[in-house]
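Participant: Turn this into a structure:
(chains A and B)
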Amino acid sequence: MNAITAEGLVKTFGSGEKAVKAVGGVDLVVPEGTVVGLLGPNGAGKTTTVRMLTTLLAPDSGRAVVAGHDVVREPQAVRSKIGLSGQYAAVDENLTGRENLWLFGRLYQLSSKEASKRAAELLEQFNLTDAADRTLKTYSGGMRRRLDLAGSLIVRPQVLFLDEPTTGLDPSSRLDLWDVIRERVAEGSTILLTTQYLEEADALADDIVVIDHGTVIAQGTADQLKAQIGGERIEVIVHDPEALGKAEQVLNLGSGGQCVRDDHTRKLTVPTHTGSKGLIQVIRDLDEAGVAIDDIALRRPTLDDVFVKLTGRHAEEEQQVETAQGRAS
Amino acid sequence: MTTEVAPIDTAPSRVGFNQAFTDAMTITWRNIRAGWRVPDNQIYMFIQPIMFVLLFAYVFGGAINVPGVDYVDFLMAGIFVQTMAFACAPASVGLADDMQKGLIDRFRSLPMARSAVIAGRVIADLVNQLIVLVIMIVCGFIVGWTFHNGFGQFLAAVGLLMLFAFAMLWVGALIGLSVGSPQVAASAGLIWLFPVVFMSNVFVDPSSMPSVVQAIAEWNPVSAIASGARELFGNQSLVASDAWPMQHPVAAALLWCLLIIAVFAPLAVRKYKKASSK
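Facilitator: Numbering: from 1, shown residues only, chains lettered A, B, ... in the order given. Next up is the predicted model:
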């Protein structure tokens, strides 16, 4: 059974010439017990999609069924079965951790006693018991996100929406939060996760849906997508411009693909299927051929690579346009 | 631990009156609890009213001469009205803050009554405003002000002031939901209140003003509330004016309050529905 089914979701902001189509016909299926990552740059339509699926925003057209209920016709029923956490679902920074969770529990229609009990359980589970009675003003960014996530788990929801759960967190808090999310996954939660980070989708999601300009442009497991993007690459910066040709020959011979040469930056990029072994081999080969190098690195595919591959544009360019639109709406 | 993972089944999918009431009380609790922890609000609630009473009674009291009246007796209702007018502030800053931080989104994703966000804001601010008023009245007693028409009329005056605060809360709610940031709500959203409050009979006699300003002052709702409260408290009023609201201050005050509520409450609710569904 599917926990989320969305068909042809459309949302346009503004009207006339200023109209911005934030989501232009998104189809989405999330089977029960799976984690789907919605991947795309800022303003690609990820959040708008989540807002429609969580009843915060009515779609212009299309329909969506979440946890067995239509988001437009039965929003209250959907709300009682979902949890939402992330950049757009905040917590009250003048309340303590315990008070925030109690408040959300009450608003989920738990009795005062049940709400207190759940708050205590979640604080324990999220390692926040020591900070439970301090106001959120004193929390670190990572603690705040953990509490935010705890707030979305009060009724052990059938479907959990995590909207960019780790954006803006430092790497170690991000890893902590990933662990917490993995625990939910192990318990069999259904999760729709949005993220700008390929590695995050990679680490947490069973399936990844890549979204750009409000439409789905690719879909598959992390491995399938990476295969499309081209997998890992070795980048070499050659010291002497004269040696570029020689180095190019060495790379073309030694690895599994065609080398890309950029004379201006003296950079050669070549795909590899053997990871760090391939990197060591390339270093040996270049050394034997007597080519001096300034820098060499193994590069994993990034979201930017997905974008260049799928759209022919860089995600960065995208972001500027979208940020401007985001402000306009 | 299998039971641990089972979803908790919560309320039915329709929101009834009981739930709407409970949710509003929950949000009220949150607004009062969280609000009292903000230093700005503590100053606004506990320091500012005392400061105003003392400043006007002891600093301006000697300098401002309203002929034929004892200034403290005249003044105190004016300060009450001024403070109730500024009930706008917490409502607008609070709602703008919730909008900006995304708390309203969080609330809307929960199976709660939608009306509770605004209702909880208004009820919490009314409670706070009543506390402020009580503090000011006690301060008033201390500096020598009192009421002269018996306890019933005194309560009626308090009721009128609270009704005015209630009306102004809706103005504040509309501003807070419109401006987008608590900083703007606290500055631009309130600046208009100063001329509105000062172009009135709150602190001085409008007959000392140029005739156009005098007319504005006499028809200013703030003047009507102040005169209405003075009448009910039995405090000294000004030399009679021909303007209708000054002839019938209590009726004018009630009408003004109802008019403000009738205009601004639906606008604020509409704005809330619209702003929160973006």
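Participant: in the stretch 101-250 of chain B, which segments are predicted with low confidence?
Facilitator: Scanning the stretch 101-250 of chain B with the threshold set as pLDDT under 70 gives B:239-240.
Participant: those strands in it, which residues are they?
Facilitator: For the stretch 101-250 of chain B, no strands turn up when DSSP state E, counting those that start in this stretch is the criterion.
Participant: ditto for the stretch 101-250 of chain A
Facilitator: With strands called from DSSP E, counting those that start in this stretch, the stretch 101-250 of chain A shows them at A:159-163, A:190-195, A:207-212, A:215-220, A:233-238.
Participant: Quick one: closest of those to chain B.
Facilitator: Chain B sits nearest to strand A:159-163 of all these, at 8.2 Å, using Cβ to the nearest Cβ. Glycine gets a C-beta too; all of them are placed from N, C-alpha and C.
Participant: For that closest one, which strands pair with it and how are they oriented?
Facilitator: In the sheet, strand A:159-163 lines up against strand A:82-86 (parallel), strand A:190-195 (parallel) (DSSP bridges).
Participant: Make JSON lines out of the ones you listed and add mean neighbour count, mean pLDDT and distance to residue A:134.
Facilitator: Converted to JSON lines, these look like this (neighbours: other Cβ atoms under 10 Å in any protein chain shown; pLDDT from 0 to 100; distance: least, Cβ to Cβ, whole Å):
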{"stretch": "strand A:82-86", "mean neighbour count": "27", "mean pLDDT": "89", "distance to residue A:134": "20"}
{"stretch": "strand A:190-195", "mean neighbour count": "26", "mean pLDDT": "93", "distance to residue A:134": "29"}
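Participant: Could you name the stretch from those that's closest to residue A:184?
Facilitator: strand A:190-195 (6.6 Å; Cβ to Cβ).
Participant: one step back: mind putting the strands paired with strand A:159-163 in JSON lines, distance to residue A:8 included?
Facilitator: Compiled in JSON lines, the strands paired with strand A:159-163 are given as follows (distance: least, Cβ to Cβ, whole Å):
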{"stretch": "strand A:82-86", "distance to residue A:8": "21"}
{"stretch": "strand A:190-195", "distance to residue A:8": "17"}
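Participant: Just tell me which of the ones you listed ends up closest to residue B:156.
Facilitator: Among the strands paired with strand A:159-163, strand A:82-86 sits nearest to residue B:156 (Cβ to Cβ), with 47.2 Å.
Participant: and for that closest one, what are the contacting residues?
Facilitator: A:50, A:54, A:66-67, A:145, A:148-149, A:151-155, A:157-165, A:194, B:105-106, B:109 (Cβ atoms under 8 Å, 6 or more residues apart in numbering or on different chains).
Participant: out of these, which are buried?
Facilitator: Neighbour counting with 16 or more other Cβ atoms under 10 Å in any protein chain shown marks A:50, A:54, A:66-67, A:145, A:148-149, A:151-155, A:157-165, A:194, B:105-106, B:109 as buried within the contacts of strand A:82-86.
Participant: Which members of these occur in helices, if any?
Facilitator: In helices, judged by DSSP state H, the following of those are found: A:50, A:145, A:148, A:149, A:151, B:105, B:106.
Participant: so what's residue B:46 closest to, chain neighbours aside?
Facilitator: Distances taken as Cβ to Cβ, 6 or more residues apart in numbering or on different chains place residue B:135 nearest to residue B:46, at 6.8 Å, with adjacent residues excluded.
Participant: Could you measure from that neighbour over to chain A?
Facilitator: 22 Å (Cβ to the nearest Cβ, to the nearest Å).
Participant: How many residues are close by that residue?
Facilitator: Neighbourhood size, residue B:135 [other Cβ atoms under 10 Å in any protein chain shown]: 18.
Participant: what's the answer for residue A:41, then?
Facilitator: There are 25 residues near residue A:41, going by other Cβ under 10 Å.
Participant: before we move on, back to that, format the ones in helices among the buried ones among the contacts of strand A:82-86 as JSON lines; extra columns: distance to residue B:161.
Facilitator: As requested, these are exported to JSON lines (distance: Cβ to Cβ, whole Å):
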{"residue": "A:50", "distance to residue B:161": "45"}
{"residue": "A:145", "distance to residue B:161": "44"}
{"residue": "A:148", "distance to residue B:161": "40"}
{"residue": "A:149", "distance to residue B:161": "45"}
{"residue": "A:151", "distance to residue B:161": "38"}
{"residue": "B:105", "distance to residue B:161": "35"}
{"residue": "B:106", "distance to residue B:161": "34"}
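Participant: and which of the residues you listed is nearest to residue A:215?
Facilitator: Closest to residue A:215, out of all of those and judged by Cβ to Cβ, is residue A:50, at 15.6 Å.
Participant: Surely that closest one and residue A:191 touch.
Facilitator: No - with contact defined as Cβ atoms under 8 Å, residue A:50 does not count as touching residue A:191 (11.6 Å).
Participant: tell me the contacts of the closest residue to residue B:97 other than its chain neighbours?
Facilitator: Excluding its sequence neighbours, the residue lying closest to residue B:97 (Cβ to Cβ, 6+ apart) is residue B:182, at 4.2 Å. Going by Cβ under 8 Å, 6+ apart, residue B:182 touches B:93, B:94, B:96, B:97, B:100, B:176.
Participant: Quick check: the last one touching residue B:93?
Facilitator: Yes - applying Cβ under 8 Å, one finds residue B:176 in contact with residue B:93, separated by 6.5 Å.
Participant: Residues that sit against both of these two, list them.
Facilitator: B:182, B:185, B:189.
Participant: In helices only, show me those.
Facilitator: B:182, B:185, B:189.
Participant: what's the neighbour count on residue B:208?
Facilitator: Counted with other Cβ under 10 Å, residue B:208 comes out at 12.
Participant: give the contact list for residue B:161.
Facilitator: The neighbourhood of residue B:161, defined by Cβ under 8 Å, 6+ apart, consists of B:80, B:81, B:84, B:133, B:225, B:229.
Participant: quick one: it from residue B:126, how far?
Facilitator: Distance, residue B:161 to residue B:126, by Cβ to Cβ, to the nearest Å: 11 Å.
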